[in-house]
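Trainee: based on what follows, work out the 3D shape:
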Amino acid sequence: MSVLLDRQGWLFSIKTFLASITALYIGLAGNLSRPYWAMATVYIVSQPLLGPTRAKGLYRILGTLLAGVATLIMLPHLVETPLLLSAAMSLWLAGCLFLALLNRGPRGYAFLLAGYTTAFIGFPAVTSPEMIFDTVVARSEEIILGTVVALLFAALVFPASVRPMLSGRISRWMDDAAQWCRQILEGGRAHAPRNRLAADLVQFEALIEFLRRDDPRHAGAAVSMARLRERMLLLLPVLSSIADRLDALRGNDKALPEDLQSVVDDTREWLVADDATAAAGLYTSLRARISALKPQVDADLQRLQLATLLLRLEELVDLWQDCRMLHQAIEHGTAPRETPRYRIRARAVTDARHVDYGMALFSALSAGIALMSYCVLWIGLGWEGGGNGAMMAAVAAAFFAAQDDPAPSMMSFLIWAVVASIVAGIYQFGIFPAVHDFGLLVLLLAVVFLPLGLLLHNPKTMLFALPLTVNLVALLSVQNTYSGNIQGFVNSAVAMFIGIGFAVVMTRLFRSVGAEWSARRLVRQGWGTLAEAAEGRGQQDRERFAARMLDLLGLLAPRLAATPEGSDIASVDMLTEARVGLNILQLRRARLDLPERSREAVEHILADIATHYRRQVAARRPVPGEAALRERLDASLARVGSVAAGKARDEALMGLVGLRFALFPADLPAREGSAALPAS
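Mentor: Below you'll find the predicted structure:
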């Protein structure tokens, strides 16, 4: 009932329907061979907000042109050898899908579209290859027509900016982050807000692209959004480190020194302050109070713990002040107006995403194999009308390839394709014979497409409404001349069902994996990244490393939530692992300026850490750290602590104590008051 009362939903539905009818009318007036493709394209491109519609429209046009060029290259040379043509089409689909999966943002849509649009253009053209150039031009005209009309209606008819939605979402992210900060400073350890924040940050890239495509007057907000993402990513390991240090300093009596407790309490209240102007005024004094508490760094464990806590508190207030400033800039639609407190090198975290080349290749090849298998069946049966099934097999295999188990979504796609064919059959043979003018056609189409547009506006119903709508438009096949060919209609519908069903079966056999399988794979890749960092290979940049590991955490969080209870992989805290990596990088940088004996000890520790993570990768599960590594860390803390004071020594001590906390949190040496770690 709430869907029926959605005013914005009805506005979107009416606007999209009028755009689709406009595209259909232009296609009919221009005597295009398949004007209904223009109508279907409007429904595919149109989104509730202007930014996403422009982004999708742009990449759809690029993908269509790329698919047209590929078809012109492949089909004329291979049409006489159907198996080779099918293999080329399947490899093209797999290659485009591989690139799409590597580009998780809107840009990936261009590659996805290029992959399956080649099947849409090429397979129906195998019976008349001499007309392939005209066919490619016609299909491109129809798709570009629908895209342009959709973009014009989105921009000119009650345009809906992405900024109100973005403002609300960022406010929720800021609230989540503030509440998590407060819980940490109060001694809590809730993981839900942290994992939710990490998963949400994965969506930032797409939102930044949508904001760039929105109202050009607010293009500067995309810059603010990108910088906000950088700082929110770095906020996660900082808070995790603060939680560990507070637990250690509170000890058994759960109490902090009075002056430190006062700073922690004031920081907690400052983080959740509603008045941004007042909070900005308190920032300087709070920062000064934190700096004033810093002790001299040496091998004393409590002073090391206090020094690292205060360092992280400084980073926290710097990051949060920047987040507040950037949030205000986004609200006003501008680029940042102030110099950031927390300095990040230009482009340090740009494109620093976790990329699973193996899984992307596996998913892409699975889609190509599904298409090739159907083509072998089609060619073997000599089925003249089977090309429609090849088209739909390509769409079904590609569209859901990013999911761990695409089969359920593909099965839903098949079910709604069946529903679309039933509705289309009623229209084709029960209603259309009585239609003799365009006005009556519009009224009859509105009966079904206006409610469908309402469902497309709702995220909960969009996943089944889109295949239902697009397949219905394709099966209705509205053209200038009515052809009630029931045999052709049934043949096309059956081919569509078999093509999608074949893709479902092949996916079930070769591609479907569970959330636990994917989570285990992601965790192993994270461990491998840590081993490479300890060995001195891979990215050795702190911000880029943090961004990559936290991007992995964002991908991992929803999968860990879906793993069976009691699974050993669910116990892995990838945020702690990210902190290990940051400490590894700090230690690698600091070791170069240490005395030779201390430097060699640090290098032995890094080698042991690399071995530890390689063991976990090989075992495919968490493995406890060896006692020898713990003892070596304790000994090195004492040895480095005796080195003459200096920046390198302090950084090395911070890195060593960070590794000691993260790798062996349960058996830190107990000390009363101020005590140093024992030397070895």
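Trainee: I'd like to know how many residues surround residue 161.
Mentor: Residues within reach of residue 161, counting by other C-beta atoms under 10 Å, total 17. For glycine as for every other residue, the C-beta is placed from the backbone atoms N, C-alpha and C.
Trainee: please report how far it lies from residue 213.
Mentor: Distance, residue 161 to residue 213, by C-beta to C-beta, to the nearest Å: 11 Å.
Trainee: do the same with residue 418
Mentor: Using C-beta to C-beta, we find residue 418 at a distance of 35 Å from residue 213.
Trainee: more neighbours, the two?
Mentor: Under the criterion of other C-beta under 10 Å, the comparison of residue 418 against residue 213 puts residue 213 first, with 21 against 14.
Trainee: is residue 621 located within a helix, as I assumed?
Mentor: No - applying DSSP: H, G, I helix; E, B strand; the rest coil, one finds residue 621 to be coil, outside a helix.
Trainee: how many neighbours does it have?
Mentor: The number of residues packed near residue 621 is 15, by other C-beta under 10 Å.
Trainee: nearest residue to it in space, please, no chain neighbours.
Mentor: Distances taken as C-beta to C-beta, 6 or more residues apart in numbering put residue 568 closest to residue 621, at 4.9 Å, once the chain neighbours are dropped.
Trainee: per-residue confidence at that neighbour?
Mentor: We have a pLDDT of 75 for residue 568.
Trainee: isn't it right up against residue 623?
Mentor: No - under the criterion of C-beta atoms under 8 Å, residue 568 makes no contact with residue 623, lying 10.1 Å away.
Trainee: which outside residues touch stretch 205-213?
Mentor: Here stretch 205-213 makes contact (C-beta atoms under 8 Å, 6 or more residues apart in numbering) with 49-52, 54-55, 58, 104-107, 162-163, 166, 169, 218-219, 221-222, 225-226, 229, 353.
Trainee: kindly report the same for stretch 88-103.
Mentor: 70, 74, 78, 108-112, 114-116, 118-119, 122-123, 355, 357, 359-361, 363-365, 367-369, 371-372, 375, 390, 394, 397-398, 401-402.
Trainee: which residue ranges make up the domains of this structure?
Mentor: Domains of the chain are assigned by automatic domain parsing as 7-160+356-510, 163-332, 515-667.
Trainee: isn't there a helix covering residue 368?
Mentor: Yes - looking at residue 368 with three-state DSSP, it is inside a helix.
Trainee: among the contacts of stretch 88-103, which are in helices?
Mentor: Among these, DSSP state H puts 70, 74, 78, 108-112, 114-116, 118-119, 122, 357, 359-361, 363-365, 367-369, 371-372, 375, 390, 394, 397-398 in helices.
Trainee: chain center to the host helix or strand of residue 388: distance?
Mentor: Here residue 388, judged by DSSP states H and E, is contained in helix 387-399. Put simply, helix 387-399 sits 24 Å off its chain's centre (C-alpha atoms, centre = their mean, to the nearest Å).
Trainee: which element follows that helix toward the C-terminus?
Mentor: helix 407-426.
Trainee: now that next one: buried residues?
Mentor: 407, 409-411, 413-414, 416-417, 420-421, 423-425 (16 or more other C-beta atoms under 10 Å).
Trainee: what's the overlap in contacts for residue 161 and residue 213?
Mentor: Shared contacts of residue 161 and residue 213 (C-beta under 8 Å, 6+ apart): 50-51.
Trainee: how near is residue 508 to residue 498?
Mentor: Applying C-beta to C-beta to residue 508 and residue 498 gives a distance of 15 Å.
Trainee: of the two, who's got more company?
Mentor: Between residue 508 and residue 498, counted using other C-beta under 10 Å, the more crowded position is residue 498 (21 against 14).
Trainee: after the helix or strand containing the more buried one, next one along is what?
Mentor: According to DSSP H and E, residue 498 maps onto helix 486-510. Tracing the chain past helix 486-510, the next element assigned as helix or strand by DSSP H and E is helix 515-535.
Trainee: so which elements touch that next one?
Mentor: Judged by 3 or more C-beta pairs under 8 Å, 6 or more residues apart in numbering; DSSP states H and E, the packing partners of helix 515-535 are helix 542-561, helix 574-591, helix 596-619.
Trainee: returning to what we had before: what's the PyMOL line that selects buried ones from the ones in helices among the contacts of stretch 88-103?
Mentor: Typed into PyMOL, the next command selects the buried ones out of the ones in helices among the contacts of stretch 88-103 (criterion: 16+ other C-beta under 10 Å):
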select buried, resi 70+74+78+108+109+110+111+112+114+115+116+118+119+122+359+360+363+364+365+367+368+369+371+372+375+390+394+397+398
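Trainee: pLDDT weak spots in the stretch 51-200 of the chain?
Mentor: For the stretch 51-200 of the chain, applying pLDDT under 70 flags the ranges 188-195, 198-199.
Trainee: pull the CA atoms of stretch 606-620 into CSV?
Mentor: What follows is stretch 606-620, C-alpha atoms only, in CSV (Å, rounded to 0.1, in the frame of the first residue of the first chain):
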residue,chain,number,x,y,z
LEU,A,606,59.3,-8.9,9.4
ALA,A,607,60.4,-12.2,7.9
ASP,A,608,58.7,-14.1,10.7
ILE,A,609,55.5,-12.1,10.2
ALA,A,610,55.6,-12.9,6.5
THR,A,611,56.0,-16.6,7.3
HIS,A,612,53.1,-16.4,9.7
TYR,A,613,50.7,-15.0,7.1
ARG,A,614,52.0,-17.4,4.4
ARG,A,615,51.1,-20.3,6.8
GLN,A,616,47.6,-19.0,7.2
VAL,A,617,47.2,-18.7,3.4
ALA,A,618,48.4,-22.3,3.0
ALA,A,619,46.2,-23.6,5.9
ARG,A,620,43.1,-21.6,4.6
